[in-house]
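Engineer: Following is a predicted model, sequence given first.
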Amino acid sequence: MSEIDILSFGETMAMFVAEQTGDLAQVAQFHKRIAGADSNVAIGLSRLGFNVAWLSRVGADSLGRFVVDTLQNEGLDCGHVAVDPLHPTGFQLKSREEAGDDPQVEYFRRGSAASYLSVEAIKPELLQARHLHATGIPPALSDATRELSRQLMTQMREAGRSVSFDPNLRPSLWANEQRMISEINALACLADWVLPGLSEGRLLTGFEDPADIAAFYLDQGVEAVAIKLGPHGAYYRTQLDQGFVAAVPVAKVVDTVGAGDGFAVGMISALLENLSFAEAVQRGNWIGSRAVQSRGDMEGLPFRTDLPHTQKAG
């Protein structure tokens, strides 16, 4: 039996968050944190008690050490994080906005160490994990990371492991929109569970209605689809069932970044605990609602003891 419950991979960046509102050019003080959708999910799952292995690459610099130290402090197994002596750790700047407004983010990740992550990083022990979580971000970084994504998803499915996929579209990282759509859909169809947002699903499939978006992937062999509808909750569809699950009311939205990652944490954790798909969506909505009430990408992700009594199964 593998000691790894979940394998996740991708790029964790250092993030400098503005301490004042306004144009980033005028901000004098920043707070250093980490950022990355893939590692947000990994951290959330670790907080819920899962053994999570993190596969990545950082530069031989202070930001790389900060990233690894932070992830290890969150309980992630970073034994498969390589240190690149030639390429730097990526970072980003994030504005501070009034409550509820989407922040301005500037990325400095082109040519980063993580973009040189390749299939050579796949070790036999990683393929023993119970579950693989993948997103559309690593495939956008480079040809090497795209092939890594494809190989990991393919090999894990062939080994009988479960695979989840969140498109997490980053159009600015792709040469053009059509290439992005083609590559992301090809990867999505290698997964068991696909977790797009509504706008992502519409762009990727050409369909407007959540039921039709879900059917697009189900018809190509995906086991189940959950579509995030923001304040309207989520829609799910499997080969046997479908339905809407209402959102959890939030009195004050502080920071919308990371809500989708929280949803993925809820979905994956619940399904690995053998809850129903509807129950998994319910947990996903609840954790997503927690994420938007905290400033920061992953600071609002709960621990196992924080889950409501109805969500403590497993």
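Structural biologist: Good, I have the coordinates. Every value quoted in this text rests on a predicted model; they were computed, and no experiment measured them. Residues are numbered from 1 along each chain as shown.

Engineer: mind checking how far residue 50 is from residue 68?
Structural biologist: 19 Å (Cβ to Cβ, to the nearest Å). Where you see a C-beta, it was placed from the backbone N, CA and C, and this is true even at glycine.

Engineer: by contact count, what packs against the helix-or-strand element of the chain with minimal mean pLDDT?
Structural biologist: Ranked by mean pLDDT, DSSP states H and E, the weakest helix or strand in the chain is helix 277-291, scoring a mean of 86. In terms of contacts (3 or more Cβ pairs under 8 Å, 6 or more residues apart in numbering; DSSP states H and E), helix 277-291 is packed against strand 224-228, strand 234-238, strand 242-245, helix 259-272.

Engineer: and of these, who's closest to residue 14?
Structural biologist: Set against residue 14 and scored by Cβ to Cβ, the helices and strands packed on helix 277-291 come closest in helix 259-272, at 17.5 Å.

Engineer: Restricting to C-alpha, output that closest one in CSV.
Structural biologist: Output in CSV follows, covering the C-alpha atoms of helix 259-272 (Å, rounded to 0.1, in the frame of the first residue of the first chain):
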residue,chain,number,x,y,z
ALA,A,259,-12.1,29.8,-4.3
GLY,A,260,-11.9,27.3,-7.1
ASP,A,261,-8.9,25.6,-5.5
GLY,A,262,-11.0,25.3,-2.3
PHE,A,263,-13.7,23.7,-4.3
ALA,A,264,-11.3,21.1,-5.7
VAL,A,265,-10.0,20.4,-2.1
GLY,A,266,-13.6,19.6,-1.1
MET,A,267,-14.4,17.5,-4.1
ILE,A,268,-11.2,15.4,-4.0
SER,A,269,-11.2,14.8,-0.3
ALA,A,270,-14.8,13.8,-0.1
LEU,A,271,-14.6,11.4,-3.1
LEU,A,272,-11.5,9.8,-1.7
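
Engineer: And it, what's buried?
Structural biologist: 259-272 (16 or more other Cβ atoms under 10 Å).
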